[in-house]
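1. Please work out how this folds:
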Amino acid sequence: MAGYIEDRWYKKDAAGKRTIPTDRCDQGKRYRVAGVPGVRDRSFDKLNGANGAKAWLAKAQHESSRGEFIDPRDGAILLREYVENHWWPSQNYPDPITRATIRGKVWNHILTHLGSKPLNTIKTPQLRAWLKTLSSTLGPGTINDVWGTLSAILQAAVDDERITKNYCRSQKTVRPPSRPEPRATAWSRERVLQVRAHIDPRVRLAVDIGVGAGLRQGEVFGLAVDDVDFEAQVIHVRRQVKKIGSKLVFALPKGRKTRAVPVPQHLLDRVREHLAQWPAKAVTLPWGDPEEGATEKELKERAPQTFSLLLTAARGGAWRRDYFNDTMWKPALEAAGIIAPPKEIKRPVSGRPGVFRTVRRYSEDREQGFHSLRHTFASVQLDARENPVAVSKWLGHADPSITLRIYAHFMPEADGRGRTAMQNWFEGEDKKISPAAPQDLEPVIPAPAAASPGETVPVPQDPTLVS
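-> Purely as a prediction, here's the structure:
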């Protein structure tokens, strides 16, 4: 087999014994393993001795012959160095929001704790200690995401032949906490009324659209006059307003899918009333990414676009989600008695010693966020026995299974109807198995499908909207 061990300190004498000192005797490491195909030379000092060199040579020869050799010296690189110089530059995230999110997970939760460790030392004990540290500040869902990101980094290191094993995947004794099952909470009609009554009249339409059409917050802020088809009674969801860093952009809705949502006449009347008092304003923003494109293709894709938005901030620009929540949404919830008053924090003013400003901070409560209006829209539709496939399409979900996983508990009488069906089955074939026979239920008027442009579709009034 190819490969040999060289003694750099002594040469053989006439009797074959290594007694003749070389010019390098007692200088540097004594033994050098060389000549193995695809394996860099490696030196061993006298403490490891010939035995260490022989063991290394045997291992290198065996693994090299099978094409499985990975030099442990390549795994001695620090995790931070590997990420910054090798892994991160090779990542391609077309969505800048996704890029910023992944970067935050890596630098804030991975490199902060593990960045100073060599790649080949990140094993079960290190992962166990890291998870314990994360659990003191992060929730199960976030920990699960961060674990997946670290696993992707380590798997890339395996593929780059720097380490032999990704311990995030290969061991079973240490695992991240399970991701909590999403369970949406809908608001009652009374709660929607309370919030609508206390929110600033300039943005009251945001509540109506959120609960009456199920739009996400960014989609509400990106809704333009041309997106509302008053004849067909349809709202076209074609874009959203996204915040990337400190800048706003227009972008396609989540999942990069546009959709059409049938809406009741009552909501369309609300839109007309709003426009009569606060006319739409033209807003120009970059598309998709606030950074100037480096290529002709990127310049064209990111070129600013202008739309006449239904809802704009005081100075005429698009709404920023965090500013809207702090100045409009949460104060309305506070006034309605839904959340507690904010805490007032004194913060020093930069460059003005002894001067402080008061900052009001509300506690975070996802169940009371703007997204609750979207949950309420879904609950009304499913409670009315609307087809889950249609509801999924209106919500902009990638698949109806997502809608059912999140909103299945909104579907009425699921357990009672099934129980009755099984009772009838046990009692014999002479009885109807399904309890949903015409004589047992009131007639249900099927809800209309999404309208095509120019087509008028009657849509029942949404009970959550206030007359």
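2. Which of the helices and strands in this protein ranks last by mean pLDDT?
-> Least confident helix or strand of the chain, by mean pLDDT, DSSP states H and E, is helix 414-427 with a mean of 65.
3. what comes up buried for the strand or helix carrying Leu275?
-> According to DSSP states H and E, Leu275 maps onto helix 265-277. Across helix 265-277, burial judged by 16 or more other C-beta atoms under 10 Å covers 266-268, 270-271, 274. From N, CA and C alone the C-beta is placed, and that goes for glycine too.
4. tell me the secondary structure for Val207?
-> helix (DSSP: H, G, I helix; E, B strand; the rest coil).
5. Show the residue spans covered by the helices in the stretch 1-150 of the chain.
-> Using DSSP state H, counting those that start in this stretch, the helices of the stretch 1-150 of the chain run over 49-65, 79-82, 96-105, 111-114, 124-135, 140-159.
6. Can you tell me which of the ones you listed is nearest to Gly210?
-> Across the helices of the stretch 1-150 of the chain, Gly210 has its closest neighbour in helix 96-105 (20.8 Å, C-beta to C-beta).
7. contacts for the closest one?
-> 88, 91, 93, 145-146, 149, 242, 244-245, 288-291 (C-beta atoms under 8 Å, 6 or more residues apart in numbering).
8. Buried residues of it, list them for me.
-> 96-97, 99, 102, 105.
9. where does it sit relative to the chain's centre, distance-wise?
-> Relative to its chain's centre, helix 96-105 lies at 9 Å (C-alpha atoms, centre = their mean, to the nearest Å).
10. now it against helix 140-159, angle please.
-> Using axes from the mean of the first three to the mean of the last three C-alpha atoms, to 10 degrees, the inter-axis angle of helix 96-105 relative to helix 140-159 is 90 degrees.
11. For Gly28, give its distance to Gly35.
-> 19 Å (C-beta to C-beta, to the nearest Å).
12. More neighbours: those two, which one.
-> Gly35 (16 against 11; other C-beta atoms under 10 Å).
13. I figured that one hits Gly3, correct?
-> Yes: the criterion here is C-beta atoms under 8 Å, and Gly35 meets it with Gly3 at 4.5 Å.
14. what's near enough to touch Pro290?
-> Counting by C-beta under 8 Å, 6+ apart, Pro290 has contacts 96, 244-245, 247-249.
15. how about the residues you listed, which pair is most distant?
-> Pro96 and Leu248 (12.0 Å).
16. what about the stretch 351-467 of the chain, any weak spots by pLDDT?
-> Under the criterion pLDDT under 70, the flagged ranges of the stretch 351-467 of the chain are 412-423, 425, 428-467.
17. need the strands for it, in chain order.
-> Ranges of strands in the stretch 351-467 of the chain, per DSSP state E, counting those that start in this stretch, are 356-361.
18. Send me stretch 396-411 as CSV with only the CA atoms.
-> What follows is stretch 396-411, C-alpha atoms only, in CSV (Å, rounded to 0.1, in the frame of the first residue of the first chain):
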residue,chain,number,x,y,z
GLY,A,396,-53.2,32.5,0.6
HIS,A,397,-52.0,29.2,2.1
ALA,A,398,-49.8,27.0,0.0
ASP,A,399,-51.9,24.0,0.7
PRO,A,400,-55.3,23.3,2.3
SER,A,401,-53.6,21.0,4.8
ILE,A,402,-52.0,24.1,6.4
THR,A,403,-55.4,25.7,6.8
LEU,A,404,-56.8,22.5,8.5
ARG,A,405,-53.8,22.2,10.8
ILE,A,406,-54.2,25.8,12.0
TYR,A,407,-58.0,26.2,12.0
ALA,A,408,-59.4,22.7,12.3
HIS,A,409,-60.8,23.5,15.8
PHE,A,410,-63.0,26.2,14.3
MET,A,411,-65.0,23.6,12.3
